[in-house]
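Engineer: Based on what follows, work out the 3D shape:
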Amino acid sequence: MSTRRALRQGTRDDRGAVAILFAVLAVVLLGVGAFAVDLGQAYAKKSLLQTDVDIAVMAAVAELDQEVGCNSEVVSAAEDYLTRAGNAVPGQYPIDLGGAPGDQDGFIRCPGDWKVELWAPRSEVPLGLGRVLSDDDSFDVAARAAAQVRSPGAGGVLPFFGVQGCDYGAQTIRDDSGPTTTSAPVPALDPDSSDHNKATFTLSPTSTPEGTSSMTLTLSGKSLGKVDGVGFTGAGGPPYHHVVAPSTTSKDTITVQVPSAVLDVPDVWYVRVLEDGKWSELGGAQRFTVGEDKLYCDTSLEGNFGTIDVPRSDSNSFTLERNIILGVEPALALHPSPSGECSGKPGSVESKSAPVDGTNCLASEPGLKISATNAGLVTGKGGLPGRLDAASTSGCSRGGDDSRTAAEVLGKHINDDLLSCYIVNGAHLSDLVAGNAVGTAALSADIFASPRFFWIPIVDTDPATGKKSWPIVSFRPGFITDQALSATRAAPGSIGALNGLVTEPSGIREVRVVLFSQDALPPTAPAVGDEVAYTGSGTKVLVLVA
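Structural biologist: Residues are numbered from 1 along each chain as shown. You can find the predicted model right below:
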């Protein structure tokens, strides 16, 4: 064969090879293109499926009422959303959530820690021209989501405890080196006089149940003969000041009818006497309580409120201080079957042992640990600022702005948030305490951002002396403040210089708080990123966690 002929033959062979290669590549490119179309369809279905399962699991976790295991409402909420007309993704398998993780018809479980995990029924994606590259006619896309009930973060749980029966209203925790009982100090009262008369007296009786329609009060003491008025003052200020004339008067005894305006407002009222325009001494004002005694237990200043020892999992240093600043960690939980001291009881997880999530028994001591409280609330520790070393919430200081207290403790001006600032419906603080109709959901969710807001665990027995270990029976929300229970948003009343902190040269001597019903809190709050473990009660924050 001549060279020219051989070249022509080679050229024809090359052209044939190129044609074959082009044909093969065309099929491949056509398959890849078709498969890309199929993948686009799969991506679209996956996106729709993920949106559905995200919303469905949030609907489900909103119904969760137990820490472990799905109650029926949880399953129903998920099924209802996934099967609702318009929510099903094209090609989705019929729903059946009772199988196992990864089943094509879906699955739901509640593994603990107030969490719900949901697998949506899969959606089938049929292959078009993509079958050229696959032996299958279709493939499935799946989606999974998890959501959890959490609690609003900011305050968290403080490392103190309260005792059932004395876990509402105005309470005080004090230095445990002081006496076991004392009279609660009298707040500043308005109006007052520049000079005072010489009368001194005691009351009988000193309290009356809520709902009393009329009663006579007897004042017994000295220099009462010229008294021309008896004043009843709530620390909330006007209109919580009422003056009435005595019914009978002698040099050592007065009787007076308690004004109906006093009997109608559950609170601690302060009684003084008026003579020729002069009030009796503020320090001698006598407390008259309207309402249930359990709301006003703060004459026992040691034993109904104290400190707990909860080791942290993130640090062995300055544990109590960190628990005050950051909130108790690890999480606390309700005891499943509280009965007496915890030691050896089934279900007990002791906080004095190695850190374990879900601690439900407290190593408790009565009283306030002064050094740790000074650091935790004011001066800070381990590079962390004190809990109250913060600007006030905008508009919520006593000045109606974000300023701190004018007074100092340990060289610092502190947060001056008022509890009354967060009231949204005209309630008194006493309504928050009682949890009655006007107090229900009375507080804005903004309260959760205040460093003065907190939760404390409640035990059912007073561990009045020494270290004890008692089961947690509930949790109570509270706020560091000495505002009177008669206070409202419009009439916040008189407030101590440090708004709940009583000090001496070494620092804090007492911390005064108002403990109130969780019904006063909003039932839910938006997630803001600082949520903490849910304790089983109180406001719920629903969070997608996976």
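Engineer: and residue 322, what element?
Structural biologist: Using DSSP states H and E, residue 322 falls within helix 319-326.
Engineer: okay, that helix in CSV with CA atoms only?
Structural biologist: The C-alpha coordinates for helix 319-326 follow below in CSV (Å, rounded to 0.1, in the frame of the first residue of the first chain):
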residue,chain,number,x,y,z
THR,A,319,-17.5,27.2,92.5
LEU,A,320,-20.0,29.2,94.6
GLU,A,321,-18.9,32.5,93.0
ARG,A,322,-19.3,31.1,89.5
ASN,A,323,-22.7,29.6,90.3
ILE,A,324,-23.8,33.1,91.5
ILE,A,325,-22.4,34.9,88.4
LEU,A,326,-23.4,32.3,85.7
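Engineer: I'd like to know which elements it is packed against.
Structural biologist: strand 305-309, helix 370-374 (3 or more CB pairs under 8 Å, 6 or more residues apart in numbering; DSSP states H and E). For glycine as for every other residue, the C-beta is placed from the backbone atoms N, C-alpha and C.
Engineer: what comes into contact with it?
Structural biologist: With CB atoms under 8 Å, 6 or more residues apart in numbering as the test, helix 319-326 has contacts from 156, 158-159, 307, 309-312, 315, 329, 369, 372-373, 375-377, 380-382, 384-387.
Engineer: which of the residues you listed count as buried?
Structural biologist: 156, 158-159, 307, 309-312, 329, 369, 372-373, 375-377, 380-381, 384, 386-387 (16 or more other CB atoms under 10 Å).
Engineer: which regions of the stretch 151-300 of the chain lie under the pLDDT threshold?
Structural biologist: Filtered on pLDDT under 70, the stretch 151-300 of the chain yields the residue ranges 154-155, 174-185, 235-239, 291-300.
Engineer: Please enumerate the helices of it.
Structural biologist: Listed from the start of the chain, the stretch 151-300 of the chain has helices (DSSP state H, counting those that start in this stretch) covering 260-263.
Engineer: Can you show me the strands along it?
Structural biologist: Counting by DSSP state E, counting those that start in this stretch, the stretch 151-300 of the chain has strands at residues 160-163, 169-174, 200-204, 207-208, 216-222, 229-234, 241-244, 248-249, 253-257, 267-275, 278-279, 286-290.
Engineer: again, but for the stretch 351-500 of the chain
Structural biologist: Counting by DSSP E, counting those that start in this stretch, the strands of the stretch 351-500 of the chain are 361-366, 453-459, 468-480.
Engineer: And residue 522, how close does it get to residue 378?
Structural biologist: Look at residue 522 and residue 378: by CB to CB, to the nearest Å, they are 30 Å apart.
Engineer: hang on, the earlier thing: and the helices and strands packed on helix 319-326, which one's lowest on average pLDDT?
Structural biologist: Here the helices and strands packed on helix 319-326 differ in mean pLDDT, and the lowest is strand 305-309 at a mean of 77.
Engineer: what's it packed up against?
Structural biologist: Strand 305-309 packs on strand 160-163, strand 169-174, helix 319-326, strand 361-366, going by 3+ CB pairs under 8 Å, 6+ apart.
Engineer: Please convert these to TSV, extending it with distance to residue 489 and mean neighbour count.
Structural biologist: As requested, those are exported to TSV (distance: least, CB to CB, whole Å; neighbours: other CB atoms under 10 Å):
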stretch	distance to residue 489	mean neighbour count
strand 160-163	26	24
strand 169-174	18	25
helix 319-326	28	22
strand 361-366	35	24
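Engineer: got TSV for these, with distance to residue 265 too?
Structural biologist: Output for the helices and strands packed on strand 305-309, formatted as TSV (distance: least, CB to CB, whole Å):
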stretch	distance to residue 265
strand 160-163	24
strand 169-174	14
helix 319-326	34
strand 361-366	32
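Engineer: Indicate which one of the ones you listed is closest to residue 518.
Structural biologist: Distance to residue 518, taken as CB to CB, is lowest for strand 160-163 among the helices and strands packed on strand 305-309, at 13.2 Å.
Engineer: contact partners of that closest one?
Structural biologist: Residues contacting strand 160-163 (CB under 8 Å, 6+ apart): 171, 173, 303-308, 362, 364, 456-462, 470, 476, 515.
Engineer: rewinding a little: of the strands of the stretch 151-300 of the chain, which is nearest residue 348?
Structural biologist: Comparing the strands of the stretch 151-300 of the chain by CB to CB, strand 160-163 comes nearest, at 15.9 Å.
Engineer: Tell me how far the closest one lies from the chain's centre.
Structural biologist: For strand 160-163, the separation from the chain centroid amounts to 16 Å (computed by CA atoms, centre = their mean, to the nearest Å).
Engineer: I'd like the next helix or strand past the host helix or strand of residue 52.
Structural biologist: Residue 52 belongs to helix 3-61 when elements are defined using DSSP H and E. Counting by DSSP H and E, the element after helix 3-61 in chain order, helix or strand, is helix 72-83.
Engineer: packing partners for that next one?
Structural biologist: By 3+ CB pairs under 8 Å, 6+ apart, helix 72-83 packs against helix 3-61, strand 107-112, strand 115-119.
Engineer: Return the set of buried residues in the second one.
Structural biologist: Of the residues in strand 107-112, those scored as buried under the neighbour-count criterion (16+ other CB under 10 Å) are 107, 108, 109, 110.
Engineer: Next one: residue 46, what pLDDT does it get?
Structural biologist: pLDDT at residue 46 comes out at 86.
Engineer: next one: residue 49
Structural biologist: Residue 49 is given a pLDDT of 88.
Engineer: check contacts around it.
Structural biologist: Per CB under 8 Å, 6+ apart, neighbours of residue 49: 89, 92, 120, 122, 123, 141, 142, 143.
Engineer: same thing but 6 Å
Structural biologist: If you count contacts by CB atoms under 6 Å, 6 or more residues apart in numbering, residue 49 has them with 89, 120, 123, 143.
Engineer: And the helices in the stretch 351-500 of the chain?
Structural biologist: 370-374, 429-434.
Engineer: between those, which one is nearest to residue 66?
Structural biologist: Nearest to residue 66, of these and by CB to CB, is helix 429-434 at 27.5 Å.
Engineer: So which bits of the closest one are buried?
Structural biologist: Across helix 429-434, burial judged by 16+ other CB under 10 Å covers 429, 430, 431, 432, 433, 434.
Engineer: Could you tell me how far the helix holding residue 322 lies from the centre of the chain?
Structural biologist: 17 Å.
Engineer: Report the inter-axis angle for that helix versus strand 453-459.
Structural biologist: Between helix 319-326 and strand 453-459, the angle comes out at 130 degrees (axes from the mean of the first three to the mean of the last three CA atoms, to 10 degrees).
Engineer: now helix 319-326 against strand 305-309, angle please.
Structural biologist: Using the same axes, to 10 degrees: helix 319-326 against strand 305-309 is 110 degrees.
Engineer: model confidence over helix 319-326, on average?
Structural biologist: 92.
Engineer: Out of the buried residues of helix 429-434, flag the one nearest to residue 545.
Structural biologist: The closest of those, once distances to residue 545 are taken by CB to CB, is residue 432, at 31.5 Å.
Engineer: Can you give me every residue that contacts residue 460?
Structural biologist: So residue 460 contacts 164, 473 (CB under 6 Å, 6+ apart).
Engineer: no no, residue 137
Structural biologist: Here residue 137 is in contact with residue 127 (criterion: CB under 6 Å, 6+ apart).
Engineer: For it, give its distance to residue 48.
Structural biologist: 22 Å.
Engineer: same question, residue 59
Structural biologist: Taking CB to CB, one finds residue 59 at 17 Å from residue 48.
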